[in-house]
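Undergrad: Need coordinates for the following:
(one chain, ligands or ions: 2)
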Amino acid sequence: MSAPTIHKGLAGVVVDTTAVSMVNPDTNSLTYRGYPAQELATGCSFEEVAYLLWHGELPTPAQLTAQNAFERANRALPHDLVLTLLALPEGAHPMDTLRTAVSILGANDPDEDDTSPEANQAKALRLFAALPSIVALTQRRRRGLLPLAPREDLGYAENFLYLALGSIPEPEMVRAFETSLVLYAEHSFNASTFTSRVVTSTLSDLYSAVTAAIGALKGPLHGGANEAVMATFEEIGEAERAESWLKTALTEKRKIMGFGHRVYKKGDSRVPTMRRALQTVAELRDGHRLLDLYEALARAMYAAKGLHPNLDYPAGPAYHLMGFDTPVFTPIFVAARITGWTAHITEQLAANSLIRPSSSYTGPPQRAISR
Ligand SMILES: CC(=O)SCCNC(=O)CCNC(=O)[C@H](O)C(C)(C)COP(=O)(O)OP(=O)(O)OC[C@H]1O[C@@H](n2cnc3c(N)ncnc32)[C@H](O)[C@@H]1OP(=O)(O)O
Ligand SMILES: O=C([O-])CC(=O)C(=O)O
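TA: Ligands and ions are numbered 1, 2, ... in the order given. Have a look, this model is predicted:
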């Protein structure tokens, strides 16, 4: 028997079709349901993009009004959930709090096992509505503050920032934040989305799929990189040190977080848009030193390894300058990606096949137990 070809990390393996988004590394482009993500990021609200990912078309004004009304009415967290989350250890990572929160919401949902498209869409919208409140709870708790009540008079991004940071920032800042949410919303068969599809393929429930996806996103090779980028900037300190720091780090065979990508080899299509958003935030929050460091490390990395930044590279410092604590960065990514995950869960269920790849055994040959 000839040795099978091993596709380590499933790199380059096409496992299914999807109509949700297309990543094209040759043209450095990303489309959601056919629309360029960077155009959606500058021209649409996050609520509109969420609707597009779920339903395949941008909403009419009436459809958007209906979705917004449902979302705004579902922002507040059940009191018991708040108490349970506040009972978790103070040092718990916000991603662990989020994972636990989604699990609890599932356990409390009488429709948990109803996997019809209608029931799953309602769950997706409820999670979409509740996640900013959960992320904000973790941010405020880190500062010894109790959660604020959500404001139904505010749009999604504005309410998110208000809940987390206690005030509504400048419109340009809100727009920069919303841009990041749109860019983070969806990216085909990335590790966390694939995780959600694997769980869904067993006919498990949506909350289980999302809980597992949160676990996959937490890792620093995936969403956790936006937090790791900030740790890198703090370690380097200033632009002048970037080159020598990188030389040492690469000699020590360290991975430099926020660089490289499994699919894009010529640069991440989302970075130019997010880099502009970071510029806006840096101008509003006196972030020029951080911006200099951002550029110095990116230049040094390209010179040393030919590697480009991915979306986590500009998103990390942008969230820092907006006023978020570093451990809250990946939870923000969750709040954005819930849209993509749940669109994929629906797509998986509509044409399901159990996801179960094969492996090539390398252990000892069959043997008898002798004692
Ligand atoms: C939103 C997102 O999830 S985007 C991804 C966020 N993750 C990160 O930023 C983590 C840092 N980056 C990485 O670890 C990788 O680039 C990944 C995991 C994203 C992609 O991994 P792969 O597709 O397996 O990488 P790839 O095969 O292109 O790597 C080629 C070479 O570049 C190296 N390389 C890739 N990225 C990096 C990096 N960030 N730092 C140092 N070296 C790197 C690899 O070690 C490999 O070197 P080798 O040939 O000597 O072994
Ligand atoms: O596609 C990937 O592998 C990772 C990524 O950029 C994302 O999930 O946004």
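Undergrad: Let me see the confidence value for residue 1.
TA: Predicted confidence (pLDDT) for residue 1: 68.
Undergrad: Please read the previous query as pertaining to residue 18.
TA: Note on residue 18: pLDDT of 98.
Undergrad: Surely it forms part of a strand?
TA: No - per DSSP: H, G, I helix; E, B strand; the rest coil, residue 18 lies outside any strand segment and is coil.
Undergrad: Isn't it up against residue 188?
TA: Yes - look at residue 18 against residue 188 with Cβ atoms under 8 Å: they come within range, at 6.2 Å. The C-beta positions use only the backbone N, C-alpha and C, and glycine is treated the same way.
Undergrad: Isn't residue 165 up against residue 139?
TA: Yes - the pair residue 165 and residue 139 qualifies as a contact (Cβ under 8 Å) at a distance of 7.4 Å.
Undergrad: Tell me which of the two has more neighbours.
TA: Ranked by neighbour count (other Cβ atoms under 10 Å), residue 165 and residue 139 place residue 139 first, with 23 against 18.
Undergrad: circling back: shared neighbours, residue 165 and residue 139?
TA: residue 324 (Cβ atoms under 8 Å, 6 or more residues apart in numbering).
Undergrad: Now do the SS call for the residue positioned nearest the centre of the chain.
TA: Closest residue to the average C-alpha location of the chain: residue 333 at 3.0 Å, with Cα atoms, centre = their mean. Following three-state DSSP, the label given to residue 333 is helix.
Undergrad: quick one: contacts for residue 21?
TA: Residue 21 neighbours (Cβ under 8 Å, 6+ apart): 30, 31, 32, 33, 37, 53, 186, 187, 188, 340.
Undergrad: I meant to write residue 260 there.
TA: Taking Cβ under 8 Å, 6+ apart as the test, what residue 260 contacts is 307, 308, 310.
Undergrad: contacts with ligand 2 among the residues you listed, please.
TA: Residues of the contacts of residue 260 in contact with ligand 2 (Cβ under 6 Å from any ligand atom): residue 310.
Undergrad: In the longest helix along the chain, which of the residues would be classed as buried?
TA: Identified as the longest helix of the chain according to DSSP state H is helix 117-142. Judged by neighbour count using 16 or more other Cβ atoms under 10 Å, the buried positions of helix 117-142 are 119-141.
Undergrad: With stretch 248-267 instead?
TA: Those would be 249, 256, 257, 258, 259, 260, 261, 262, 263, 264, 267, for stretch 248-267 by 16+ other Cβ under 10 Å.
Undergrad: Relative to ligand 2, how far out is the last one?
TA: From residue 267 across to ligand 2, the span is 12 Å (Cβ to the nearest ligand atom, to the nearest Å).
Undergrad: can you give me phi and psi for that residue?
TA: phi 120, psi 140 (degrees, to the nearest 10).
Undergrad: nearest residue to it other than its sequence neighbours?
TA: residue 308 (4.0 Å; Cβ to Cβ, 6 or more residues apart in numbering).
Undergrad: ok, now the first one?
TA: Across the structure, with Cβ to Cβ, 6+ apart as the measure, the residue nearest residue 249 apart from its sequence neighbours is residue 256 (6.3 Å).
Undergrad: tell me the SS of the one you found?
TA: Residue 256 - assigned by three-state DSSP - is coil.
Undergrad: so who does it touch?
TA: Contacts of residue 256 (Cβ under 8 Å, 6+ apart): 232, 246, 249, 250, 297, 301, 307.
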